[in-house]
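Engineer: This is a predicted model, with the sequence first.
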Amino acid sequence: MTETLSRPTTRINLNRVSPEVYEAMVALNNAAAKDLDPGLAELIKIRASQLNHCAFCLDMHTHDARKRGETEQRIYLLSAWREAGDLYAEPEKAALALTEEMTDLPGGDHVSDEVYARAAEAFGERELGQVIAMVLTINAWNRIGVTTRLRAPRRH
């Protein structure tokens with residue numbers, strides 16, 4: 001018989017106990033979003049949050065994507081974007097591939113040359129830098145969310 005550990009129901013509120021860290025994260029998020037298409041940013045945030053199992057961020061960013069006009073179909077199929085044909089544009093596919101490799105580093109140590117080259121071809125240097133920054137930012141937010149067990153609000 002496997003013993004299960006009880007999960008604490010309350011964990012720290014990082015914003016309350018470390019406001020300077022929270023403020024730095026908000027500043028990083030704002031810097032990463034600068035000059036990046038907001039719709040692409042939401043796709044990146046949703047895909048990384050799916051991979052990281054961050055329910056709070058998934059709820060927030062799917063809600064935000066809908067407010068920006070993203071379709072239900074594209075949100076639902078995001079986890080299978082490779083199989084979704086031409087539903088996503090090439091720059092989106094390149095950003096999603098980069099998001100996946102940065103989030104779950106293959107072999108634990110690098111982003112492949114192929115994925116990086118695809119992203120570098122799809123974006124100019126500035127925009128590629130912003131895509132990379134957005135991926136690392138949402139991964140940091142996801143780590144905060146899953147560690148502190150942030151809960152998605154119930155929507156009616």
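Structural biologist: Looks like it came in fine. Numbering: from 1, shown residues only.
Engineer: The longest helix seen in the chain packs against which elements?
Structural biologist: Using DSSP state H, we find that the single longest helix of the chain is helix 125-148. Here helix 125-148 touches helix 19-33, helix 38-52, helix 55-67, helix 90-103, helix 113-122, going by 3 or more Cβ pairs under 8 Å, 6 or more residues apart in numbering; DSSP states H and E. Every C-beta, even on glycine, is put in place using the N, C-alpha and C of the backbone.
Engineer: where does the protein have low pLDDT?
Structural biologist: Applying pLDDT under 70 to the chain flags the ranges 1-10, 106-108, 156.
Engineer: centroid residue for the protein?
Structural biologist: residue 45 (2.6 Å; Cα atoms, centre = their mean).
Engineer: okay but that one is in contact with residue 57, surely?
Structural biologist: Yes - when contacts are counted by Cβ atoms under 8 Å, residue 45 is listed as touching residue 57 (6.6 Å).
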